[in-house]
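In: Predicted model, plus sequence, below.
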Amino acid sequence: MKKYTSGTLTVLATVAIVGCGGKAVVDGSSAGGQGSTSTGTTTTSTTTTSTATSTSTSTSTSTADNIEYRANLWLGGMDHLIIARANHTADTCLRLFADWPMPNSEDFAFDTPSGWGVAHADAHQDASICFDWEGPPQVDTVQASGGEGLIEWDLAAGNSYPCTLDIDATISFDGSPPWLDALEPMSASGVVVDDGCF
């Protein structure tokens, strides 16, 4: 708190920094009352507010929404990729399956790296098992009716499979249960690919 005195006007100014966002709030008040006047003199009070803007970078985990993304690569007769989104607040898991070499399945319109196609997607409750890659989950799953979006990655020199990937997609569910929205987003960058990166 600082006190400034000029003639008959005393101004008190308080500057407070609020939270981690760096927003500055300036509060000005006059001992003589806002907009006070004296004979032959007019005093004007000006309040200035400055706002700092911060920039954040998306990662595979969004702690603000308690949502986590991971992916898994496994090879067989074809190459298979699972991209999973665990919502720990809602306790749900959303999974998207892509194969190589395959085109997109009907009702799935995705831009993907060359030769990869989205086969299907599903959702289930229990986020704690969302990244258990060994076999199907031992819970009831709801099959998606379709979806659209983008999957992309960059390959390190000499690699055939990605270390991380980016996804920006919407998955559709018809007649979804109460715990699942009809349109579920999947959007993250830098998603770590388990068993990939070679």
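Out: On my side now, so go ahead.

In: List the buried residues of stretch 98-109.
Out: For stretch 98-109, a neighbour-count test (16 or more other C-beta atoms under 10 Å) marks Ala98, Asp99, Trp100, Met102, Asn104, Ser105, Phe108 as buried. Quick note: C-beta positions are derived from backbone N, CA and C, even for glycine.

In: Quick one: residues contacting the residue nearest to Glu152 when sequence neighbours are not counted.
Out: Nearest residue to Glu152 in three dimensions, chain neighbours excluded: Asp166, at 5.3 Å (C-beta to C-beta, 6 or more residues apart in numbering). If a contact means C-beta atoms under 8 Å, 6 or more residues apart in numbering, then Asp166 has Leu150, Ile151, Glu152, Trp153, Ala188, Ser189, Gly190, Val191 as its contacts.

In: Which two among the buried residues of stretch 98-109 are spaced furthest apart?
Out: The most widely separated members of the buried residues of stretch 98-109, counting by C-beta to C-beta, are Trp100 and Phe108 (14.6 Å).

In: Next, Val193: secondary structure please.
Out: Three states are possible here, and by DSSP: H, G, I helix; E, B strand; the rest coil the one that applies to Val193 is strand.

In: For it, give the beta-bridge partners.
Out: In this structure, Val193 has the following beta-bridge partners (DSSP bridges): Ala71.

In: how deep is it tucked in, by neighbour count?
Out: Here the neighbour count serves as a burial measure; for Val193 (other C-beta atoms under 10 Å) it reads 20.

In: can I assume it is in contact with Asp79?
Out: No: with contacts defined as C-beta atoms under 8 Å, Val193 does not count as touching Asp79, sitting 11.7 Å away.

In: Now list whatever residues contact both of those two.
Out: Once C-beta under 8 Å, 6+ apart is applied, the residues that Val193 and Asp79 both contact turn out to be Leu73, Tyr161.

In: pLDDT below threshold where in this protein?
Out: The chain contains residues with pLDDT under 70 at 1-64.

In: hmm, which two among the contacts of Asp166 are most spread apart?
Out: Across the contacts of Asp166, the longest distance by C-beta to C-beta is 14.6 Å; it joins Leu150 and Gly190.
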